[in-house]
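J.: let me see the structure of the following:
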Amino acid sequence: MKPKNDGSTRGILHAAAGQRKFALCRFEPGEALRPFIEHYWIVRYDVPRDSPYTQRILSYPNVHMAFEHDDDGRRALIYGVPKRPFTRVLRGAGRVLGVKFRAGGFQPWWRSDVSRLTGRTIPAADLFGPDADEWTDAVLDAGDDEAMARQAEAFLLARAPEPDGQAALAGDIVDLTMRDRSIVRVEELCGQTGLSVRQLQRLFRRYVGVAPKWVIRRFRLQEAAERIERDAAVSLADLAHQLGYFDQAHFIRDFKAVLGQPPAAYRQGAAGVQ
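T.: Numbers count the residues shown, from 1 in each chain. Presented below is the predicted three-dimensional model:
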């Protein structure tokens, strides 16, 4: 299994502080599961119970399945796309093997509108049945990070659905939205894809779980947070322009609405943990 060594921390808020508290690695899926899975990720941490650390994630528009082991026990959960930044409190020793499904890639397993899972967390057994409990132990007891990823892949490979062309289309459109920062409105995404606003909305409701407008704004704000953390001198006016905002005021409004604080305050917080 090939490690995914892109080193990206995009979406991990105040990543410099977080990387002092946990170790993160990723592995690419095998060829047969690439239409469905973006990568496997493993997080390991050991944080004093009397000094817990809270990590916030500005999530991608992806469904995740996680096999978790901490001081409170073991569990396998499926996480829909969070409506707000995802928050996890790290306390004591723990490890997690996560499966990041490609945008659109979870629907062939789910076989319903992925929007029904948005903002929710459900036991993996609700979808995969009682085998999920045995699978959880096999993954978490596998040993090193690569062995854990291989165990997760073996279970999914044995239950792989048929590829879905619409799921692939949804994933490709989400990838395009992430790469092309000039896309700041749904109408621009329509022009790039040849789909109408209504067609895009139906496709995203069925396969992604959130609306096209949500995806566009999320990627632009992820990049904004990452740029602010990496370059304390970056001009907020220039950043707003580069990310396609009409003016700095609209950028600040969006940033505060999603992250809970204006970009200037976020920059001060990032500077305090470097």
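J.: where do the strands of the stretch 101-250 of the chain begin and end?
T.: Taking DSSP state E, counting those that start in this stretch to define them, one finds strands in the stretch 101-250 of the chain at 121-123.
J.: only the buried residues of the longest helix seen in the chain, if you could.
T.: Using DSSP state H, we find that the single longest helix of the chain is helix 212-230. Judged by neighbour count (16 or more other C-beta atoms under 10 Å), helix 212-230 contains these buried residues: 212-229. In this view, the C-beta of every residue, glycine as well, is placed from N, C-alpha and C.
J.: with only the CA atoms kept, save the helix or strand that residue 268 is a member of in PDB.
T.: Assigning secondary structure by DSSP states H and E places residue 268 in helix 263-271. Listed next in PDB are the C-alpha coordinates belonging to helix 263-271 (Å, rounded to 0.1, in the frame of the first residue of the first chain):
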ATOM      1  CA  PRO A 263      -9.700  36.600   9.700                       C
ATOM      2  CA  ALA A 264      -7.700  39.200  11.700                       C
ATOM      3  CA  ALA A 265      -8.500  37.400  14.900                       C
ATOM      4  CA  TYR A 266      -7.800  34.000  13.300                       C
ATOM      5  CA  ARG A 267      -4.400  35.300  12.300                       C
ATOM      6  CA  GLN A 268      -3.600  36.500  15.800                       C
ATOM      7  CA  GLY A 269      -4.500  33.000  17.100                       C
ATOM      8  CA  ALA A 270      -2.400  31.300  14.500                       C
ATOM      9  CA  ALA A 271       0.600  33.600  15.400                       C
END
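J.: how far does that helix sit from its chain's centre?
T.: Relative to the chain's own centre, helix 263-271 is displaced by 22 Å; criterion: C-alpha atoms, centre = their mean, to the nearest Å.
J.: list the buried ones in it?
T.: 263, 266, 267, 270.
J.: then stretch 162-169?
T.: Neighbour-count burial for stretch 162-169 [16+ other C-beta under 10 Å]: 164, 167, 168.
J.: helix, strand or coil for residue 56?
T.: With DSSP: H, G, I helix; E, B strand; the rest coil as the basis, residue 56 sits in strand.
J.: contact partners for it?
T.: Residues near residue 56 by C-beta atoms under 8 Å, 6 or more residues apart in numbering: 13, 14, 85, 86, 87.
J.: what about 7 Å?
T.: Residue 56 makes contact with 13, 85, 86, 87, according to C-beta atoms under 7 Å, 6 or more residues apart in numbering.
J.: which of these ranks first by neighbour count?
T.: Within the contacts of residue 56, residue 13 tops the neighbour count with 22 neighbours, counted by other C-beta atoms under 10 Å.
J.: from the contact counts, what lies against the helix or strand of the chain with the lowest mean pLDDT?
T.: Counting by mean pLDDT, DSSP states H and E, the chain has its least confident helix or strand at helix 263-271, which shows a mean of 84. Helix 263-271 sits against helix 212-230, helix 248-259, with contacts defined as 3 or more C-beta pairs under 7 Å, 6 or more residues apart in numbering; DSSP states H and E.
J.: okay, now residue 174: neighbour count?
T.: For residue 174, using other C-beta under 10 Å, the count is 24.
J.: test my guess that it contacts residue 103.
T.: Yes: using C-beta atoms under 7 Å, residue 174 makes contact with residue 103 at a distance of 3.8 Å.
J.: what sits in contact with each of those two?
T.: Common neighbours of residue 174 and residue 103 (C-beta under 7 Å, 6+ apart) are 61, 208.
J.: CSV for the helices and strands packed on helix 263-271, including mean pLDDT and distance to residue 197?
T.: Below are the helices and strands packed on helix 263-271 laid out as CSV (pLDDT from 0 to 100; distance: least, C-beta to C-beta, whole Å):
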stretch, mean pLDDT, distance to residue 197
helix 212-230, 92, 8
helix 248-259, 92, 20
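J.: quick one: closest of the ones you listed to residue 67.
T.: helix 212-230 (25.3 Å; C-beta to C-beta).
J.: what is that closest one packed up against?
T.: helix 165-179, helix 186-193, helix 197-207, helix 248-259, helix 263-271.
J.: ok, 8 Å please
T.: helix 15-18, helix 165-179, helix 186-193, helix 197-207, helix 236-242, helix 248-259, helix 263-271 (3 or more C-beta pairs under 8 Å, 6 or more residues apart in numbering; DSSP states H and E).
J.: can you give me how far the helix or strand that the shortest one is followed by is from the chain middle?
T.: Think helix 15-18. Using DSSP H and E, the helix or strand that follows helix 15-18 in sequence is strand 22-27. Offset of strand 22-27 from its chain centre (C-alpha atoms, centre = their mean): 14 Å.
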